[in-house]
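>>> one predicted model, sequence on top.
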Amino acid sequence: MIDLPPMTPPLKRSVTIDGHRTSVSLEDAFWKALATQAAARDLTRAALIGRIDHARPPEIGLATALRLFVLAHAGPGA
């Protein structure tokens, strides 16, 4: 038996990056983790997403970059 975290289908949310609106679909756990990471950096979630967007390679989609960011910054036991 394996313990699974609570699961939700991806939730689409609109974000504004450099004045341009876009939508991103992520599972609720990723949205929550991004909010936690943003707060730890004294940023809004939108500002953190903008920074991740600017740092990602062009061949990597925004949703993928956001998920990988969250995984890279997950705490022990995550």
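Okay, I see it.
>>> so the spatially most central residue of the chain: helix, strand or coil?
By CA atoms, centre = their mean, the chain has its centre lying nearest to residue 66, at 3.8 Å. Judged by DSSP: H, G, I helix; E, B strand; the rest coil, the three-state class of residue 66 is helix.
>>> distance check, it against residue 38.
Using CB to CB, to the nearest Å, residue 66 is found at 11 Å from residue 38. C-betas here are computed from N, CA, C, even on glycine.
>>> can you give me the buried ones in the longest helix along the chain?
Longest helix in the chain, counting residues (DSSP state H): helix 28-40. Neighbour counts over helix 28-40 (16 or more other CB atoms under 10 Å) mark 30, 31, 33, 34, 37, 38 as buried.
>>> how far away is the fifth one from residue 72?
According to CB to CB, residue 37 and residue 72 sit 10 Å apart.
>>> where does this protein dip in pLDDT?
76-78 (pLDDT under 70).
>>> tell me the contacts of residue 15?
Applying CB atoms under 8 Å, 6 or more residues apart in numbering to residue 15 gives the contacts 21, 22, 23, 24, 45, 46, 49, 50.
>>> now do the SS call for it.
Look at residue 15: counting by three-state DSSP, its state is strand.
>>> bridged to it, which residues?
Beta-bridge partners recorded for residue 15 (DSSP bridges): residue 22.
>>> name the SS class of residue 7, please.
Classified using three-state DSSP, residue 7 is coil.
>>> secondary structure class for the spatially closest residue to residue 17 that is not a sequence neighbour?
The shortest distance from residue 17 to any non-neighbouring residue, by CB to CB, 6 or more residues apart in numbering, is to residue 50 (4.7 Å). Three-state assignment for residue 50 (three-state DSSP): helix.
>>> tell me the contacts of residue 50?
For residue 50, the contacting residues are 15, 17, 18, by CB under 8 Å, 6+ apart.
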